[in-house]
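Asks: kindly return the folded structure for what I paste below:
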Amino acid sequence: MARNASDTARKKAEGDSATQIGDDVDKIRDIIFGGQMREYASRFDQLEKAIIARMDKLGEDMDKRLDQLSSRLAAEKDERKSSDNTIRTQLRDSEKQIKAAIAESGEGWAAEAVELHNNVIAESEELVELIEKAKSELLKNLHTEFARLDQQKIATRDLAQLFSDLGRDLKQESK
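Replies: This is a model prediction of the structure:
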C-alpha cells in the first residue's frame with residue numbers, strides 16, 4: 001500500500017510537471033505567435049460569423065423559394081382541379097346533348113316509321129281494292145266470253161245440223 005501511495009504521488013508529481021511544462025510551452029507559444037494567433041482567431045470568428053450569416057440567408061432564401069414553389073404548386077393544383085371540373089361539366093353537358101339528340105332522332109325515326117307503315121297499309125289496301133276490281137272485271141269478262149262462246153258453239157251445232165240435214169236432203173234428191 002505504501003508503494004501504491006508513493007506511486008500515486010509520483011504520478012501526480014509527474015502529471016503536475018507535465019501540466020506545468022504544457023503551460024510553459026503555451027506561454028512561449030503565446031509570446032512568439034500570440035499576435036498572429038489572435039489575428040487568426042479573430043479572422044476565424046469573422047469567417048464563422050460570415051458563414052453563419054450566409055447560411056442563415058441561404059436558409060431564408062430556400063424557405064422563400066420553397067414557399068413560392070408550394071404556393072405555385074397549390075395554385076397549379078387548384079387550376080388543374082378547376083379545369084378538371086370544367087372538363088367534367090362539359091363532358092356531362094355533351095353527354096346530355098348527345099342523349100337528347102339520339103332520343104329526338106329516335107322519336108323522329110319512330111314517327112317516320114309509323115307514317116311509312118300507315119302509307120304502306122293504305123297503298124296495300126288500294127292495291128287489294130284494285131286487284132279485287134280487276135278480278136271481278138276479269139271474271140265478268142270471262143263469263144261474257146264463255147256465254148258468247150257457248151252461243152257460238154250452239155250456232156255451230158245448229159250449222160252442223162243444218163249441213164247434215166242439207167247433205168241428207170241432197171243425197172235423197174240425187175237418188
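
Asks: now the helix or strand hosting Asp56: average pLDDT?
Replies: Assessed by DSSP states H and E, Asp56 sits inside helix 2-173. The average of the pLDDT scores along helix 2-173 is 82.

Asks: how distant is it from the center of its chain?
Replies: 1 Å (Cα atoms, centre = their mean, to the nearest Å).

Asks: tell me what it is packed against?
Replies: Of the remaining helices and strands, none touches helix 2-173 by 3 or more Cβ pairs under 8 Å, 6 or more residues apart in numbering; DSSP states H and E. In this view, the C-beta of every residue, glycine as well, is placed from N, C-alpha and C.

Asks: how near is Phe44 to Met55?
Replies: 16 Å (Cβ to Cβ, to the nearest Å).

Asks: how far away is Arg72 from Ser82?
Replies: 15 Å.

Asks: for Ala50, same thing?
Replies: Distance, Ala50 to Ser82, by Cβ to Cβ: 47 Å.

Asks: check Leu69 too.
Replies: Distance, Leu69 to Ser82, using Cβ to Cβ: 20 Å.

Asks: and if you look at Ile28?
Replies: For Ile28, the distance to Ser82 equals 77 Å [Cβ to Cβ].

Asks: one more: Ala101?
Replies: Relative to Ser82, and taking Cβ to Cβ, Ala101 is found at 28 Å.

Asks: center of the protein - which residue?
Replies: Most central in the chain under Cα atoms, centre = their mean is Leu91, positioned 9.4 Å from the mean C-alpha point.

Asks: can you pull the contacts of it?
Replies: Under the criterion of Cβ atoms under 8 Å, 6 or more residues apart in numbering, Leu91 has no contact partners.

Asks: with the one 5 residues further on instead?
Replies: Residues near Lys96 by Cβ under 8 Å, 6+ apart: none.

Asks: how close does it get to Ala103?
Replies: As judged by Cβ to Cβ, Lys96 and Ala103 stand 10 Å apart.

Asks: just the CA trace of stretch 62-76, in CSV.
Replies: Extracted in CSV, the C-alpha atoms of stretch 62-76 (Å, rounded to 0.1, in the frame of the first residue of the first chain):
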residue,chain,number,x,y,z
MET,A,62,-34.6,28.5,-49.6
ASP,A,63,-37.6,28.9,-47.3
LYS,A,64,-38.9,31.7,-49.5
ARG,A,65,-38.3,29.6,-52.7
LEU,A,66,-40.0,26.6,-51.1
ASP,A,67,-42.9,28.8,-50.1
GLN,A,68,-43.1,30.2,-53.6
LEU,A,69,-42.9,26.7,-55.0
SER,A,70,-45.6,25.5,-52.6
SER,A,71,-47.9,28.3,-53.5
ARG,A,72,-47.3,27.7,-57.2
LEU,A,73,-47.9,24.0,-56.8
ALA,A,74,-51.1,24.8,-54.8
ALA,A,75,-52.2,27.3,-57.5
GLU,A,76,-51.5,24.8,-60.3
